[in-house]
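S.K.: how does the following fold in three dimensions:
(2 chains)
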2 protein chains.
Amino acid sequence: MAIANQAKNREQREQLPALKNKAYFNYGGQGPMPAQALAAIQKTFASIQEMGPFSSKTFGWSMEQTEKTRVAIATELGAPPETITFTENTTIGCNIALWGIDWQPGDRILLTDCEHPGIIATVQEIQRRFGVEMSVCPIMDTLNQGNPAAVIAEHLHPNTRLVVLSHILWNTGQVLPLAEIVKVCHNSKGATKVLVDAAQSVGVLPLNLTEIGVDFYAFTGHKWLCGPEGTGGFYLHPDARESLNPTFIGWRGVVQDEVGNPASWKPGGLQFEVATSAYPLYAGLLEAIAFHNQWGTAEERYQRILELSQYLWQKLADSPGIECLRTSPPQSGLVSFQLDKKRLDSGATHLSLVQFLEKQNYLVRLILNPNCVRACVHYFTEESEIDRLVDMISSF
Amino acid sequence: MAIANQAKNREQREQLPALKNKAYFNYGGQGPMPAQALAAIQKTFASIQEMGPFSSKTFGWSMEQTEKTRVAIATELGAPPETITFTENTTIGCNIALWGIDWQPGDRILLTDCEHPGIIATVQEIQRRFGVEMSVCPIMDTLNQGNPAAVIAEHLHPNTRLVVLSHILWNTGQVLPLAEIVKVCHNSKGATKVLVDAAQSVGVLPLNLTEIGVDFYAFTGHKWLCGPEGTGGFYLHPDARESLNPTFIGWRGVVQDEVGNPASWKPGGLQFEVATSAYPLYAGLLEAIAFHNQWGTAEERYQRILELSQYLWQKLADSPGIECLRTSPPQSGLVSFQLDKKRLDSGATHLSLVQFLEKQNYLVRLILNPNCVRACVHYFTEESEIDRLVDMISSF
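M.R.: The predicted structure is shown next:
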């Protein structure tokens, strides 16, 4: 990387207190918050106390701040602001879609075999309550060969009303060809809709959800966007609006008549918002998004992530005793790898490797299926940091 | 109040930055946060950055902090900690109960005529989806005469599976005789369960939920408890456990097997928790609860609230042109009043009174049904503050 870029990067990293005392590779778990985001949260809490906390002035101001954050999120997603619902996290967004569909007995839901346990548990409960059938298609095997869209196409049934998948698989880091999959699903006999777990893609991929045409896209602010835990969102494509009803409901999503009775739903994404949230966190997320845009565009950030994950992947692939899951450079910031058979046979485990690294202040995480270790790089990761990680892994 | 008590009160108020620049009477909307709660939030955000943010150390520490807050909440409610679910707010808790019941066509839900629009909208959607019948009973009329438990008893039907009511009515401040109502419902033909909107009661009434025997009790941390917005909880009586299934579901409520698949529900209240929340806010709520207990017991706080609300009620009742909704002293910190017919006929409105007061930094709120103004007192409200409020109202 050129010297000017190194300086820019160092400046960016200096704004991230979490990076000061460790080598951090858990962006897919939680992102480090920029100092300006932490400060914005604190300042907003103080402003609310100063203005209210409960007054018409505070309410108007909070709504204005919230809409600013909604616009910033929408810009990152390539979507109109009115398509965005604020949620606490990715999972809530998935639940909004999953419970919002008018399920009929015999309907089918298709999941990939790489979905998060929380989402699987939700689908299982829907299956139990409404007599819906759940099936799973083998996407993990397409990491190095094959076509995920073709696998999904094969598993669609005329009764499949919904496909649930992740844009970036949280275990292997594979990027699914979402636009192609959406086309396959929409053009299928069942005109199947697509719900995306976007926990690993928002803040990584340059996105244009309008162009992709995906129906439901649930994401979080606290991973790759580096916002506070407890912020997230849900995108609903305008064409899919009629297919979804609000489930968890509250004053925030409802228009009241002159005596305070619920009269109709608020327009757009607002109708799925429930009640009082921690509005100061939205200010933190807004600052986190601004922080990234100060460094570069979404496309520039993604390209840098690819450079760095290729660098990490190559170094790991070259290390004796280590095998990367991918046989070609990663398409995202997630790099998953395993100890080779010999080391596993000699009693080493991925858990003990993760624990060993954490003790040395190198933070990576264990994945259970496939059993492996996941290291993440963000655009502000340093090559020297990667060098040190790989050295440390080699010393295990 | 004795001089020693005045000093203690002044000390308490000095810890509440929101009270420094205004006369505050909106505790039923949102409570002012103690400085120690604001500091705890900031400190916890910093600690998480320092430890992680994502590491097994951070996770263990966050869970430990969360359980401390759960115990503090449970103690306030007179309930075992394992009966408590963390939620974002009261409304989410109500939704957990409302969507968790296995509704059958023909089932009935009974609401009082004083419930919050968000809850009404949820029941209406359940009615639409599952063919459940919703009915409403006239409780507002029992503010000054009659027996709310008898009114509810009259409106129970053998198919009534759930009664939804507020422990303290948010519009009139009436305290419903919950233990008596629960007994009436449980002993009814339908063995009706009881869901309580406890937005106005937690942090006001000394509570022993185990003794009361209520099935579901949904509350918030950001009103009378003076914790941060975005914290709340849901109590589920152990005997009612079997009647409820989790609806919105995520990793936080699910036990995973050795390959990460959902295997069973977490025990107790945990099973209704979904995914990542803003854990630092729990630290704020813990400090807010400690702040109140530094001043006095729940019983002492409630008695002081009653003294102050009687003082406010009496002064308002004695003011020309003002009519209190209650004809006897309030049972809670909420005091609702109206301009008399003559003033309303001459064009004055409650909205313009509320706006006039906010301009002078006296914060009260408008209620739409019955159309009135609501002023709240907490245990740390000062008589002199009440005097100034009533003077200001008189000058309108």
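
S.K.: show me what whichever strand or helix holds A:Thr69 is packed against.
M.R.: Assigned by DSSP states H and E, A:Thr69 belongs to helix A:56-77. Helix A:56-77 sits against helix A:35-51, strand A:84-87, helix A:279-295, helix B:350-359, with contacts defined as 3 or more C-beta pairs under 8 Å, 6 or more residues apart in numbering or on different chains; DSSP states H and E. All C-beta atoms are positioned from the backbone trio N, CA, C, and that covers glycine.

S.K.: direction included, what does the second one pair up with?
M.R.: Which is strand A:84-87. Note on strand A:84-87: by DSSP bridges, its sheet partners are strand A:232-236 (antiparallel).

S.K.: identify the residues contacting the following helix or strand past the strand it pairs with?
M.R.: Counting by DSSP H and E, the next helix or strand C-terminal to strand A:232-236 is strand A:254-256. Counting contacts by C-beta atoms under 8 Å, 6 or more residues apart in numbering or on different chains, the residues outside strand A:254-256 that touch it are A:Pro262, A:Ala263, A:Ser264, A:Trp265, A:Lys266, A:Gln271, B:Pro117, B:Gly118, B:Ala121, B:Leu368.

S.K.: the last one: what's it in contact with?
M.R.: With contact taken as C-beta under 8 Å, 6+ apart, B:Leu368 is in contact with A:Gln256, A:Glu258, A:Val259, A:Gly260.

S.K.: kindly report the same for the first one.
M.R.: Neighbouring residues of A:Pro262 by C-beta under 8 Å, 6+ apart: A:Val254, A:Val255, A:Gln256, B:Pro117, B:Gly118, B:Ile120, B:Ala121, B:Gln124.

S.K.: residues near A:Pro267, how many?
M.R.: 10 (other C-beta atoms under 10 Å in any protein chain shown).

S.K.: state the pLDDT value of the nearest residue in space to it that is not next to it in sequence.
M.R.: Spatial nearest neighbour of A:Pro267, excluding adjacent residues (C-beta to C-beta, 6 or more residues apart in numbering or on different chains): A:Glu82 at 6.5 Å. At A:Glu82, the predicted lDDT confidence score is 98.

S.K.: how many residues are close by A:Glu82?
M.R.: The tally of other residues near A:Glu82 (other C-beta under 10 Å) stands at 14.

S.K.: next, name the residue at the spatial heart of chain A.
M.R.: In chain A, the centroid-proximal residue (C-alpha atoms, centre = their mean) is A:Ala199; its distance is 1.4 Å.

S.K.: pretty sure that residue is in a helix, no?
M.R.: No. A:Ala199: not assigned to a helix; according to DSSP: H, G, I helix; E, B strand; the rest coil it is coil.

S.K.: find the nearest non-adjacent residue to it, please.
M.R.: Leaving aside its chain neighbours, A:Ala199 sits nearest to A:Thr90 (4.2 Å; criterion: C-beta to C-beta, 6+ apart).

S.K.: what sits against the one you found?
M.R.: A:Thr90 sits in contact with A:Asp197, A:Ala198, A:Ala199, A:Ala218, A:Phe219, A:Thr220, A:Gly232, B:Ala275, where contact means C-beta under 8 Å, 6+ apart.

S.K.: out of those, flag the one nearest to B:Leu16.
M.R.: A:Gly232 (30.9 Å; C-beta to C-beta).

S.K.: test my guess that that closest one contacts A:Thr220.
M.R.: Yes. Here A:Gly232 reaches A:Thr220: they are 4.0 Å apart, a contact under C-beta atoms under 8 Å.

S.K.: which residues do the two both contact?
M.R.: A:Asn89, A:Thr90.

S.K.: any idea how far the residue lying farthest from the centre of chain A is from chain B?
M.R.: Distance to the chain centre peaks in chain A at A:Val259, reaching 40.5 Å (criterion: C-alpha atoms, centre = their mean). A:Val259 sits 5 Å away from chain B, going by C-beta to the nearest C-beta, to the nearest Å.

S.K.: kindly report the same for A:Gln303.
M.R.: With C-beta to the nearest C-beta as the criterion, A:Gln303 and chain B are 25 Å apart.

S.K.: make a ChimeraX selection of the buried ones in the contacts of A:Pro262.
M.R.: In ChimeraX, this line selects whichever of the contacts of A:Pro262 come out buried by 16 or more other C-beta atoms under 10 Å in any protein chain shown:
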select /A:254,256 /B:117,118,120,121,124
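
S.K.: of the contacts of A:Pro262, just say which sits nearest to B:Glu64.
M.R.: B:Gly118 (32.9 Å).

S.K.: restrict the strand or helix carrying the closest one to CA atoms and write it as PDB.
M.R.: B:Gly118 is part of helix B:117-130, with elements assigned from DSSP H and E. The C-alpha coordinates for helix B:117-130 follow below in PDB (Å, rounded to 0.1, in the frame of the first residue of the first chain):
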ATOM      1  CA  PRO B 117     -53.000   2.200  21.300                       C
ATOM      2  CA  GLY B 118     -50.000  -0.100  20.500                       C
ATOM      3  CA  ILE B 119     -51.500  -2.900  22.500                       C
ATOM      4  CA  ILE B 120     -54.900  -2.400  20.900                       C
ATOM      5  CA  ALA B 121     -53.400  -2.600  17.500                       C
ATOM      6  CA  THR B 122     -51.600  -5.800  18.300                       C
ATOM      7  CA  VAL B 123     -54.800  -7.400  19.600                       C
ATOM      8  CA  GLN B 124     -56.600  -6.200  16.400                       C
ATOM      9  CA  GLU B 125     -54.000  -7.900  14.300                       C
ATOM     10  CA  ILE B 126     -54.300 -11.200  16.300                       C
ATOM     11  CA  GLN B 127     -58.100 -10.900  15.800                       C
ATOM     12  CA  ARG B 128     -57.600 -10.600  12.100                       C
ATOM     13  CA  ARG B 129     -55.100 -13.400  11.800                       C
ATOM     14  CA  PHE B 130     -56.500 -16.100  14.000                       C
END
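
S.K.: what are the contacting residues of it?
M.R.: A:102, A:245-254, A:256, A:260-262, A:274-275, B:91, B:94-95, B:98-99, B:103-105, B:107, B:109, B:111, B:132-134, B:164, B:197.

S.K.: shaky segments in the stretch 1-150 of chain A?
M.R.: A:1 (pLDDT under 70).

S.K.: list, one by one, the residues from the stretch 51-200 of chain A near chain B.
M.R.: A:52-57, A:88-92, A:95, A:99, A:102, A:116-122, A:124-125, A:129 (C-beta under 8 Å from any C-beta of the partner chain).

S.K.: how about the secondary structure of A:Ser319?
M.R.: coil.

S.K.: in the stretch 51-200 of chain A, what residue comes closest to chain B?
M.R.: Closest to chain B within the stretch 51-200 of chain A is A:Phe54: 3.1 Å, counting by C-beta to the nearest C-beta.

S.K.: pretty sure that residue is touching B:Leu363, no?
M.R.: Yes. With contact defined as C-beta under 8 Å, A:Phe54 and B:Leu363 form a contacting pair (6.8 Å).

S.K.: any common contacting residues for the two?
M.R.: B:Asn26.

S.K.: and the nearest residue in space to A:Ala121 that is not next to it in sequence, how far is that from A:Arg161?
M.R.: Excluding its sequence neighbours, the residue lying closest to A:Ala121 (C-beta to C-beta, 6+ apart) is B:Pro262, at 3.8 Å. Distance of B:Pro262 to A:Arg161, given as C-beta to C-beta, to the nearest Å: 22 Å.

S.K.: now swap in A:Ile41 and tell me
M.R.: Following C-beta to C-beta, the distance that separates A:Ile41 from A:Arg161 is 40 Å.

S.K.: which one's more surrounded, those two?
M.R.: A:Ile41 (26 against 21).

S.K.: and the strands in the stretch 101-250 of chain A?
M.R.: Using DSSP state E, counting those that start in this stretch, the strands of the stretch 101-250 of chain A run over A:108-112, A:133-137, A:160-166, A:193-197, A:216-220, A:232-236.

S.K.: alright, I will stop here.
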